[in-house]
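**Student:** have a look at this prediction, sequence included:
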Amino acid sequence: MRKWNFNPGPATLPLSVLKKLERNTIELDGLGMSILEISHRSKEFEAILNETKNLYHELLGFSNDYETIFLGGGASLQFAMVPMNFLNGGVADYVITGSWSKKAYKEAKFFGNPNVAATTENENFTRLPKEEEIKYSEKPIYIHFTSNNTIYGTQWHKFPKTPEGVPVFCDMSSDILSRRFDPKMFSLIYAGAQKNLGPAGVTLITLKKSLLSLAKEGLPTMLSYKTHIENNSLYNTPPVYAIYVVKLVLEWAKEIGGLDEIEKRNNKKAELLYGIIDKYPDYYKATVKDKASRSFMNVCFRMPSEELEAKFIKEATSSGFHGLKGHRSVGGIRVSMYNAMEVEGIEKLCQFMEDFKKKN
Ligand code: PMP
């Protein structure tokens, strides 16, 4: 039986996508070969790559001013590639809202002088900084945000104002494609695929083409955005299979109604789960008390004791709810409910939480 899978990433995928993969992994559309066996330079794969890109742009609303590339190395490689390409010894502002933005900031130090524009680390990242707490530098080359903090369960529902004319970059690994946002606000967005977009192995980087004129020359070929843009992500062998799965996930997203429908479902799931948590605040203790900061993707809570948490996870697991243990650095419970988690899964989990509370 298929479990309700709350893994934080790699994460649950739509069953219809897995079924298509089952067929097409053996033979792709009458080609007599698997998608795993075709050349990345074949016209079939180039068509897959372009369709994936076009669909991604269509769903998220990127204009022709933007280009998307598909790279390996995870979002973690982007922590370094971003400053390597754009910082050039200068200053960039990092808004530090969790472990991932801290890691991005750390990499930037290799290439220039990143500035901590704001951080809520002294409150264990349990809320996002308020707009007035963010102190931008005089003339930063860019500003870097993390839109959803996978480990701490916070998410920007409204991005703070930023100074006119400064490019804004964002790590959207754990909430890309989960809701509408204004793409024009960003000059560069990167997202590892393994939460909302597909499997591990590919990272999507979308950047404004005009940004490339600011990119550093003389970088190692594979680490320069220019290389991959000029070669339509085919400078070397890209993660073919992962890109193909992303295509299927995007097709699924479009079929069910695109971002509007996805956002509606995600809002519903958040309403249900935070509803239970706020109904029993002394039992299911939300770690993010500031409601405006709460993530709709990763919901974190503690319980009255660690013993009870262990019991909760054990009983949930035997009832078919998988992957609820909080990140090893924070403990507690974390419910990751990306796009492919159905509303029904959250309804069932909420019922389990009601029953568990009654019995314990
Ligand atoms: N950024 C965010 C917001 C993440 O959640 C993660 C992974 N969980 C990463 C970056 C790192 O991604 P990767 O493991 O693909 O390098």
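**Tutor:** Perfect, thanks for sending it. Residues are numbered from 1 along each chain as shown.
**Student:** surely K184 is in a strand?
**Tutor:** No. Assigned with DSSP: H, G, I helix; E, B strand; the rest coil, K184 falls outside any strand and is helix.
**Student:** state the number of residues packed around it.
**Tutor:** The tally of other residues near K184 (other Cβ atoms under 10 Å) stands at 12. All C-beta spots, glycine's among them, are computed from the backbone N, C-alpha and C.
**Student:** what's the answer for I48, then?
**Tutor:** 21.
**Student:** what does N231 give?
**Tutor:** N231 has 12 neighbours, counted by other Cβ under 10 Å.
**Student:** and it, how far is that from N64?
**Tutor:** N231 sits 19 Å away from N64, taking Cβ to Cβ, to the nearest Å as the criterion.
**Student:** and for Y274?
**Tutor:** Distance from Y274 to N64, by Cβ to Cβ: 38 Å.
**Student:** higher neighbour count, the two?
**Tutor:** For Y274 versus N64, the count of surrounding residues by other Cβ under 10 Å is larger for Y274: 18 against 7.
**Student:** what helices or strands is the helix or strand containing that one leaning on?
**Tutor:** If you go by DSSP states H and E, Y274 is part of helix 258-279. Counting contacts by 3 or more Cβ pairs under 8 Å, 6 or more residues apart in numbering; DSSP states H and E, helix 258-279 is packed against helix 43-60, strand 285-286, strand 298-302, helix 343-359.
**Student:** just put those in CSV and tack on distance to the ligand.
**Tutor:** Formatted as CSV, those follow (distance: least, Cβ to the nearest ligand atom, whole Å):
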stretch, distance to the ligand
helix 43-60, 17
strand 285-286, 20
strand 298-302, 8
helix 343-359, 20
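**Student:** could you list the domains of the protein?
**Tutor:** Following automatic domain parsing, one finds the domains of the chain at 16-255, 258-359.
**Student:** what would those domains look like in CSV with mean pLDDT?
**Tutor:** Formatted as CSV, the domains of the chain follow (pLDDT from 0 to 100):
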stretch, mean pLDDT
domain 16-255, 97
domain 258-359, 97
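**Student:** next up, the contacts around the closest residue to Y66 other than its chain neighbours.
**Tutor:** Leaving aside its sequence neighbours, Y66 sits nearest to T206 (Cβ to Cβ, 6 or more residues apart in numbering; 5.3 Å). Applying Cβ atoms under 8 Å, 6 or more residues apart in numbering to T206 gives the contacts 56-57, 60, 62, 66-68, 183, 188-190.
**Student:** try it again with 10 Å
**Tutor:** Counting by Cβ atoms under 10 Å, 6 or more residues apart in numbering, T206 makes contact with 53, 56-57, 60, 62, 66-69, 170, 172, 176, 183, 186-191.
**Student:** over to F321?
**Tutor:** Neighbouring residues of F321 by Cβ under 10 Å, 6+ apart: 3-6, 312-313, 315, 335, 345, 348-349, 352-353.
**Student:** switch the cut-off to 8 Å
**Tutor:** So F321 contacts 3-4, 6, 348-349, 352 (Cβ under 8 Å, 6+ apart).
**Student:** now which of the residues you listed would you call buried?
**Tutor:** Buried by 16 or more other Cβ atoms under 10 Å: 4, 6, 349, 352, out of those.
**Student:** which two in those are spaced the farthest apart?
**Tutor:** F6 and F352 (11.6 Å; Cβ to Cβ).
**Student:** residues of this structure that sit close to the ligand?
**Tutor:** Contact residues, the chain versus the ligand (Cβ under 6 Å from any ligand atom): 9, 74-76, 100, 146, 150, 171, 173-174, 192.
**Student:** try it again with 8 Å
**Tutor:** Residues of the chain lying close to the ligand (Cβ under 8 Å from any ligand atom) are 8-9, 73-79, 98, 100, 103-104, 146-151, 171-174, 192, 194-195, 200, 203.
**Student:** need the strands for the stretch 201-350 of the chain, in chain order.
**Tutor:** Counting by DSSP state E, counting those that start in this stretch, one finds strands in the stretch 201-350 of the chain at the ranges 203-208, 285-286, 298-302, 321-322, 333-336.
**Student:** measure how far the third one is from the centre of its chain, please.
**Tutor:** Using Cα atoms, centre = their mean, to the nearest Å, the distance from the centre of strand 298-302 to the centre of the chain it belongs to is 17 Å.
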